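Engineer: just the structure for this:
(one chain, ligands or ions: 2)
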Amino acid sequence: MKVQKIQIFDTTLRDGEQSPGVNLNKSEKFQIAKQLERFNIDIMEAGFPASSKGDFESVKEISNHVRGCSVTGLSRCKQSDIDVAWEALQGGAEPRIHLFLATSPIHMASKLKMTEDQVIERAVESVQYAAKFFPHIQWSAEDACRTELPFLAKIVEKVIRAGASVINIPDTVGFITPKEYGEVFRYLKTNVPNIENVILSTHCHDDLGMAVANSLAGVEHGARQVEGTINGIGERAGNASLEEFAVALHVRKDYYQCGTELVLAETKRTSDLVSKLTGMQIPANKAVVGRNAFAHESGIHQDGMLKNKQTYEIISPELVGVTADPYVLGKLSGRHAFKTHLQKLGFSINDEEMQTLFTAFKSLCDTKKEVTDDDIIALVTDNKLGKETSVYELKSIQVNYGTNDVQTATITLTHPDGTEQCQASTGAGSVEAIYNTIETMLDVPIALYDYRIQSVGGGRDALAEVYVTVDVQNHRVSGRSVSQDVLEASAKAYISAVNRGLVRTRLAQEEAQKA
Ligand SMILES: CC(=O)SCCNC(=O)CCNC(=O)[C@H](O)C(C)(C)COP(=O)(O)OP(=O)(O)OC[C@H]1O[C@@H](n2cnc3c(N)ncnc32)[C@H](O)[C@@H]1OP(=O)(O)O
Ligand SMILES: CC(C)C(=O)C(=O)O
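Structural biologist: Ligands and ions are numbered 1, 2, ... in the order given. Sure thing, here's the model as predicted:
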């Protein structure tokens, strides 16, 4: 099968920056440009040089330093814009200008206030003028998809004759459907002489959610360049998302018989960088780069995936540089995924334990939105603890507090072997005094990692709920306790975390011995 190459024209730094709220400085634009170079795009639209001094400087810097692709800048059909663009782009390896002029009746009459003939004349003049400087000229018919086809064909013919080597057919307002867009390309191919000598390009907006589908339709009808942005950012609802387009071509090569030369493994990194620097968050369910794009939560899907990934996965996450665990445990998960996850966490569980743990897991899921690894470790250790008698227990606690004093806690603790010990220690605060005292009585070193307190219920008799996270011999574990008294809840939460830590340490030793 012969695979036809599609050129990727990235306009993240131009149309992408037209996203409301996005404003990239020179250094941010340069960082994105270098990542786009690693992504191996073919053409990078670095900005609109005549729009501001800052954008001019950015385009110039990118053009002078990016070598892996051709750098271009947008320009109105206006000599002064073309001059500024040349000044910014002339240091580049393959300088290219992107000229545009609107061709739809509404844009010509209301915005440009020009007749059809004037628009043709201006377009031709501008291409001819740009040809004095630039070896490559792209010309775009702004709002092409609301342009009458005979007029579109006429102006395209004239600008080709004037020297344009790429003709772009933008769906500026995201209005067209895939079938109609294909028709536009088919019409131009049959009605414009010498059109085979130029590259036809798509540029689709996503107002009706069809930007990627339209770009693919353009490719099916002869477009050999596709414009878009990373994460689909851009004016209004954005542009065609390049990562979605490229992965669609890759996965459905059998159908499109076309491909890009993008380094797809750089997809996620590129998307993350653009999201970070533009401040535009990626929706979790966004195709290819969303947090959930490769995540499977329901039991039947997870079971299928564990048996054969091809049951539910058409894109391998590694293809686009995603490494996250695909299995999300939640209330819709089943036994197969739960057991596999326990194994990943280092626990081998027999059938009887599995039954108890799975029931406990399902009830936890009914009360908690997201079940984390910490929760699952707590389930396993609590299951073991439930059968244990050998744990530390708080027998009594007394705290001496004074505003000008160091605080003192006196604690009686029952050790796992049944013996009792009473000890006192000081601390800068009451909770610290309690934790210092408990630590002096334990056989293992404990490091406090996190402490949080909240009230349960309202009013004077509200309960105190304390969460504690500690490290016990390299195992991070949490404990929780609720009590009428803040200090008692603090002590009990700490001891509960320590008990879990000790069980976790012992389980790890048992697993190591088995291995
Ligand atoms: C579809 C697109 O995404 S096109 C790109 C859109 N991007 C941008 O506009 C971002 C950068 N733009 C800017 O910074 C400013 O608009 C500038 C610097 C380009 C121009 O600013 P101003 O001179 O103040 O003009 P303003 O933006 O208000 O109006 C645009 C003018 O350009 C004209 N114009 C619009 N498109 C074109 C074109 N392709 N070729 C020639 N003239 C054009 C308009 O008719 C209008 O002319 P008028 O002043 O004679 O009425
Ligand atoms: C300048 C052109 C290509 C454009 O951005 C559009 O029409 O949307």
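Engineer: isn't Lys189 up against Ala223?
Structural biologist: No. Using Cβ atoms under 8 Å, Lys189 makes no contact with Ala223, being 10.2 Å away. Every C-beta, even on glycine, is put in place using the N, C-alpha and C of the backbone.
Engineer: who has more neighbours out of the two?
Structural biologist: More crowded of Lys189 and Ala223, by other Cβ atoms under 10 Å: Ala223, with 27 against 14.
Engineer: quickly note the distance from Pro105 to Asp143.
Structural biologist: 9 Å (Cβ to Cβ, to the nearest Å).
Engineer: repeat for Ala284
Structural biologist: The value you get for Ala284 to Asp143, if Cβ to Cβ is used, is 34 Å.
Engineer: next one: Thr323
Structural biologist: Distance from Thr323 to Asp143, by Cβ to Cβ: 42 Å.
Engineer: how about Ala508?
Structural biologist: 65 Å.
Engineer: again, but for Ser455
Structural biologist: Counting by Cβ to Cβ, the gap from Ser455 to Asp143 is 60 Å.
Engineer: which one of the two has more residues nearby?
Structural biologist: Neighbours per residue (other Cβ under 10 Å) separate Ser455 from Asp143, with Asp143 holding more: 22 against 11.
Engineer: model confidence for that one, exactly?
Structural biologist: Per-residue confidence (pLDDT) for Asp143: 98.
Engineer: number the chain from 742, please
Structural biologist: Done: numbering now begins at 742, and the last item shifts to Asp884.
Engineer: that one: what's it in contact with?
Structural biologist: Neighbouring residues of Asp884 by Cβ atoms under 8 Å, 6 or more residues apart in numbering: Ala843, Thr844, Ser845, Ile847, His848, Pro911, Thr913, Val914.
Engineer: so which of those also contact ligand 1?
Structural biologist: Thr913 (Cβ under 6 Å from any ligand atom).
Engineer: and the contacts of Asp884, which are buried?
Structural biologist: Ala843, Thr844, Ser845, His848, Pro911, Thr913, Val914 (16 or more other Cβ atoms under 10 Å).
Engineer: how about JSON lines for those, with pLDDT added?
Structural biologist: JSON lines is the format used below for the buried ones among the contacts of Asp884 (pLDDT from 0 to 100):
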{"residue": "Ala843", "pLDDT": "98"}
{"residue": "Thr844", "pLDDT": "98"}
{"residue": "Ser845", "pLDDT": "98"}
{"residue": "His848", "pLDDT": "98"}
{"residue": "Pro911", "pLDDT": "98"}
{"residue": "Thr913", "pLDDT": "98"}
{"residue": "Val914", "pLDDT": "98"}
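Engineer: TSV for these, including distance to Pro836 and secondary structure?
Structural biologist: Shown next, in TSV, are those (distance: Cβ to Cβ, whole Å; DSSP: H, G, I helix; E, B strand; the rest coil):
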residue	distance to Pro836	secondary structure
Ala843	25	strand
Thr844	25	coil
Ser845	29	coil
His848	28	helix
Pro911	22	strand
Thr913	25	coil
Val914	30	coil
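Engineer: returning to what we had before: tell me the one of the contacts of Asp884 nearest ligand 1?
Structural biologist: Among those, Thr913 lies closest to ligand 1 (Cβ to the nearest ligand atom), at 5.0 Å.
Engineer: excluding chain neighbours, what is closest to that closest one?
Structural biologist: Nearest in space to Thr913, with sequence neighbours left out and distances taken as Cβ to Cβ, 6 or more residues apart in numbering, is Asp884 at 4.4 Å.
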